[in-house]
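Engineer: this one's structure only:
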Ligand SMILES: Nc1nc2c(c(=O)[nH]1)N[C@H]1C(S)=C(S)[C@@H](COP(=O)(O)OP(=O)(O)OC[C@H]3O[C@@H](n4cnc5c(N)ncnc54)[C@H](O)[C@@H]3O)O[C@H]1N2
Ligand code: MOO
């Protein structure tokens, strides 16, 4: 059977994936989330004409020729306006953020004034009408559209929402990813290992990739290679209402590779199994209702590469985030052999050189080797049947960091 091309596998996986519903969340918890609705201002900012400087509120006409002495009739700190109006020849001591008193039309900064005594100030520089006054509504007015649905809430956005008097915001619910590791040989990090056992590492990297695009991760631990045990853990994931269930391992054709059987027994309709990709050939995908199942290959690098290529876009879509893989061009500085029928994702070191980005593939690409994955900052993408590539060939690379 011909293997499914990577692009088609991704298309099938994303088909019908819509952002989850909204939920209302306190403002302090909204950074990094995605807005589920437009946000409009609940107030006008500033709500009054405000001074932008510490100094004196005056009539511009009074300071047209200087020096001039004015009568100080009161003060206006931020939060407490001067109740009254300034007549010609008068001034009010004023502090940044305070409302400009009625009658005043400009601000003399205190550096340009000498306070002579409690009741008089000498102004030594002229100032144009309107200087240092922030007009009411300069920033925004009640009812203005401030943030659009779909906006990723960053520092500026959450402060703006707060300034507009929103104690919380509607955000798209985080998609829930349940992860199930399978394999008799697996133990958690920190365990006392027997001679034939290995540490279960995949869930940590897969979970990190999922969280990097805003998903919530439910790590359901390790299940032995037993069909009933795997089935029970899948049912548990479904009871938790996971949007995506990832299984790790058991995706291949060995006698102990039971994941496919267990998933089908729990109601998964298989969409595809095995794709034209390296690493990651045994990738499996299916659905049951709105739940998507992704069977990731057990080899650690395969599970991480598949997560970058498939899980990241899927969870981004379900979380309402825009996602575009960071693909760019680089020049090979080591030759590469001709490729076979599988699209290859080759661990490489990318470095900026005076004449452009250079990519050096690692010599050994065994999909069990996590050290080279952690050392790689990019993956060279080799198309199926790509011819041998000498040094200097331009290639596509997926940046990992
Ligand atoms: N006859 C064939 N054998 C294999 C094929 C094939 O097409 N024909 N495909 C190979 C490829 S490609 C891969 S990738 C692996 C994937 O197989 P599974 O998904 O069934 O994975 P396992 O056999 O369960 O494990 C493979 C390997 O990875 C280790 N592993 C598993 N889970 C974890 C985990 N959570 N953390 C760390 N390491 C894990 C496991 O111990 C094995 O060493 O199959 C090839 N075989
Ligand atoms: O997914 Mo496998 O890594 O191609 O060995």
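Structural biologist: Okay, I see it. Predicted model only: the values in this text are computed from it and were never measured. Ligands and ions are numbered 1, 2, ... in the order given.

Engineer: relative to residue 164, how far out is residue 290?
Structural biologist: 34 Å (C-beta to C-beta, to the nearest Å). Placement of C-beta: from N, CA and C, glycine included.

Engineer: nope, residue 77 is what I meant
Structural biologist: Residue 77 is 24 Å from residue 164, by C-beta to C-beta.

Engineer: more neighbours, those two?
Structural biologist: Between residue 77 and residue 164, counting by other C-beta atoms under 10 Å, residue 164 is the more crowded of the two (20 against 14).

Engineer: and the more buried one, what are its phi and psi?
Structural biologist: Main-chain dihedrals, residue 164, degrees, to the nearest 10: phi -90, psi 10.

Engineer: now do the same contact list for it.
Structural biologist: Counting by C-beta atoms under 8 Å, 6 or more residues apart in numbering, residue 164 makes contact with 39-43, 45, 140, 146.

Engineer: ligand 1: which of these is nearest?
Structural biologist: Nearest to ligand 1 out of the contacts of residue 164 is residue 39 (C-beta to the nearest ligand atom; 41.5 Å).

Engineer: count of neighbours near the spatially closest residue to the closest one that is not a sequence neighbour?
Structural biologist: Spatial nearest neighbour of residue 39, chain neighbours left out: residue 147 (4.2 Å); criterion: C-beta to C-beta, 6 or more residues apart in numbering. For residue 147, the count of nearby residues is 21 (other C-beta under 10 Å).

Engineer: and residue 302, how far from residue 84?
Structural biologist: Counting by C-beta to C-beta - residue 302 and residue 84 are separated by 76 Å.

Engineer: got it, and residue 281?
Structural biologist: Between residue 281 and residue 84 the computed distance is 81 Å (C-beta to C-beta).

Engineer: show me which of the two is the more surrounded one.
Structural biologist: Neighbour totals were compared for residue 281 and residue 84, and residue 281 leads with 19 against 14 (other C-beta under 10 Å).

Engineer: and the gap between the more buried one and ligand 1?
Structural biologist: Distance, residue 281 to ligand 1, by C-beta to the nearest ligand atom, to the nearest Å: 4 Å.

Engineer: do residue 243 as well
Structural biologist: Counting by C-beta to the nearest ligand atom, the separation of residue 243 from ligand 1 is 21 Å.

Engineer: same question, residue 72
Structural biologist: In this view, residue 72 and ligand 1 are 75 Å apart by C-beta to the nearest ligand atom.

Engineer: what of residue 228?
Structural biologist: 18 Å.

Engineer: thanks again, I'm all set now.
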